[in-house]
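**Q** Following is a predicted model, sequence given first.
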Amino acid sequence: MSENDSTESPLDDRGYKVVFMHGFTQDEMGRILKGVKSITEDPGKVAFCMSTENNMDWRIRELIEDVTEEHDYMKKNPPDIKNPEQ
């Protein structure tokens with residue numbers, strides 16, 4: 001955080017780790033997810049994201065805030081993986 005930025009972001013107290021991926025294949029990303037989760041003390045506190053046309057021009061703080069907010073939402077509202085076509 002810079003000296004001029006005195007306000008704390010909500011992400012500062014969440015304790016998340018964020019992995020940003022760019023240029024990997026789907027298979028490589030799957031292996032990265034598994035690998036990172038296997039070496040992390042609390043895998044539920046690791047949020048992953050990949051580059052998109054939408055986020056390529058974002059500031060890092062914006063990206064981390066967006067990813068951690070989405071991660072929180074998904075933890076509270078997990079998809080129905082039993083019937084993914086519904």
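**A** Sure, I can see it. Numbering: from 1, shown residues only.

**Q** By mean pLDDT, flag the weakest helix or strand of the protein.
**A** helix 60-76 (a mean of 93; mean pLDDT, DSSP states H and E).

**Q** List the buried residues in that one.
**A** Under the neighbour-count criterion of 16 or more other CB atoms under 10 Å, helix 60-76 has L63, I64, E65, D66, V67, T68, H71 buried. Every residue, glycine included, has its C-beta placed from N, CA and C.

**Q** Adding distance to V36, write the residues you listed out as TSV.
**A** TSV is the format used below for the buried residues of helix 60-76 (distance: CB to CB, whole Å):
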residue	distance to V36
L63	17
I64	16
E65	20
D66	19
V67	14
T68	16
H71	14
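
**Q** Go through the residues you listed and name the one nearest P43.
**A** Checking the buried residues of helix 60-76 against P43 with CB to CB, the nearest one is H71 at 11.7 Å.

**Q** Neighbours of K34, how many?
**A** 11 (other CB atoms under 10 Å).

**Q** do A47 as well
**A** A47, neighbours per other CB under 10 Å, totals 22.

**Q** Do you know the pLDDT at it?
**A** According to the predicted model, the pLDDT of A47 comes to 94.

**Q** Can you name the residues bridging to it?
**A** V18 (DSSP bridges).

**Q** List the residues that contact it.
**A** Y16, K17, V18, V19, V67, T68, E70, H71 (CB atoms under 8 Å, 6 or more residues apart in numbering).

**Q** Next, give phi and psi for S38.
**A** Phi and psi for S38, reported as degrees, to the nearest 10, are phi -70, psi -20.
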